[in-house]
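Engineer: pasting a predicted model and its sequence here:
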Amino acid sequence: MTERLILAIETSCDETAGAIIAGGKIILSNIVSSQVDFHRKFGGVVPEIASRKHVELINPVIAEACSQARVALKDLTALAVTLGPGLMGALLVGLAAAKSLSYATGLPLIGVNHLEGHIYANFLEHTDLKPPFISLVVSGGHTCLIYMEDHGKYELLGETLDDAAGEAFDKIAGFLKLGYPGGPIIDDLSKRGDPRAIKFPRAMLKTEDYDFSLSGLKTAVLNHVTRLKERGEEISLPNLCASFQAAIIDVQIHKTLRAAKERGVDKVVLGGGVAANSSLRERFRQEMEKVGMRLFYPSIPLCTDNAAMIACAGYYRWLKGERISLDANVDPNLPLCGVKMNY
């Protein structure tokens, strides 16, 4: 095979992932070992458990990625690994594995920001996608609005001031005793509900910045349910979930479209686990059609954490000559903008 081959490792949270891609776009393997079942009984990710499971799974996942791709280590061009943001212990497991492989094989090592990985998941499936564009990254740990001018050139326009969107879904699902993870459950219930049934607040909808806040919305949901229980009234879970979900999506759409208009771009890119939400996708599609903009989002398997997206982002950093040394370290709060992965 003449295409450049990148082996990537992603362990920023609770998914142990390894992947090999060719030429920056062709996925030869994309192995993800999920820890959801281990964290479900706690209602969220337990960092210590996540780190221990990564230690158990990282070598088998890398071996399976090579086996499925039918690629030997000697065939690889470079290694890419997530440096942050994420859970400190989880990130360290992935970086240690990548450093070991780099030392043993002499392959160059490339550091990748987890957030840019979610953006680059789109380049794996949309071959006509090119910067500049506005990207909304929404996941369990992040909600941020990014202007991507070119490959590796980002401007963080705004982010959540408290809870990430996925975190809010999990907490409300936990309060309603619906299960974990909360996003898919609330999305399914919402399909049978009326998003206009309950008028929950649209926090920061009219502020001039691009930040988000969801703590007040969570409180509004808790107060609404408490009042209904005190009055002995029945709670319509579909209506409640649809209204809660709509309150989140309305603000995200409003600020994303405003950012796109102000920056003069005609493309919006979604990324992250919450980008798998069916209502989010459909509402964005409808609103984008009204203003003549193009919408891009990954398929469901590439929305959640995976290593193929890290390999894709790593490929473009490799083209720019960026490398990290064996002294490089992880950063749980690694910023997206202004960081050259070259140290």
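Structural biologist: Happy to help now that I have it.
Engineer: what comes up buried for the worst-scoring helix or strand of the chain on mean pLDDT?
Structural biologist: Scoring the helices and strands of the chain by mean pLDDT, DSSP states H and E places helix 36-39 at the bottom, with a mean of 89. With burial defined by 16 or more other CB atoms under 10 Å, the residues of helix 36-39 counted as buried are residue 39. (Each C-beta comes from the backbone N, C-alpha and C, glycine too.)
Engineer: please renumber the chain so that the first residue is 15 from this point on.
Structural biologist: Yes, from this point I'll number from 15; that puts the last item at helix 50-53.
Engineer: so which residues make contact with that helix?
Structural biologist: 28, 59, 60, 63, 64, 67, 194, 195 (CB atoms under 8 Å, 6 or more residues apart in numbering).
Engineer: and with 10 Å instead?
Structural biologist: Residues from elsewhere that reach helix 50-53 (CB atoms under 10 Å, 6 or more residues apart in numbering): 27, 28, 29, 59, 60, 63, 64, 66, 67, 194, 195, 318.
Engineer: can you tell me the closest non-neighbouring residue to the fifth one?
Structural biologist: By that I understand residue 60. Nearest residue to residue 60, sequence neighbours excluded (CB to CB, 6 or more residues apart in numbering): residue 53, at 5.9 Å.
Engineer: now swap in the second one and tell me
Structural biologist: Counting by CB to CB, 6+ apart, residue 28 lies nearest to residue 49, which is 4.2 Å off, once chain neighbours are set aside.
Engineer: pairing partners for residue 126 in the sheet, please.
Structural biologist: residue 96 (DSSP bridges).
Engineer: settle this for me: it is touching residue 98, isn't it.
Structural biologist: Yes. With contact defined as CB atoms under 10 Å, residue 126 counts as touching residue 98 (9.4 Å).
Engineer: which neighbours do the two have in common?
Structural biologist: Contacts common to residue 126 and residue 98, judged by CB under 10 Å, 6+ apart, are 26, 348.
Engineer: of those two, which one has the most company?
Structural biologist: The neighbour count for residue 126 versus residue 98, taken as other CB atoms under 10 Å, is higher for residue 126 (31 against 23).
Engineer: which stretches of the stretch 65-214 of the chain form strands?
Structural biologist: For the stretch 65-214 of the chain, strands defined by DSSP state E, counting those that start in this stretch occupy the ranges 92-98, 123-127, 147-152, 157-164, 167-173.
Engineer: the fourth one - contacts with which helices or strands?
Structural biologist: Here strand 157-164 touches helix 128-139, strand 147-152, strand 167-173, helix 179-189, helix 251-277, strand 281-285, going by 3 or more CB pairs under 10 Å, 6 or more residues apart in numbering; DSSP states H and E.
Engineer: avg pLDDT for stretch 274-283?
Structural biologist: Mean pLDDT, stretch 274-283: 98.
Engineer: and for stretch 129-143?
Structural biologist: If you average the pLDDT values across stretch 129-143, you get 97.
Engineer: repeat for stretch 337-357
Structural biologist: 84.
Engineer: and it, how far out from the chain's middle?
Structural biologist: 19 Å (CA atoms, centre = their mean, to the nearest Å).
Engineer: just stretch 270-282 next, same as before
Structural biologist: 20 Å.
Engineer: and residue 326, how far from residue 43?
Structural biologist: Residue 326 is 13 Å from residue 43, where distance means CB to CB, to the nearest Å.
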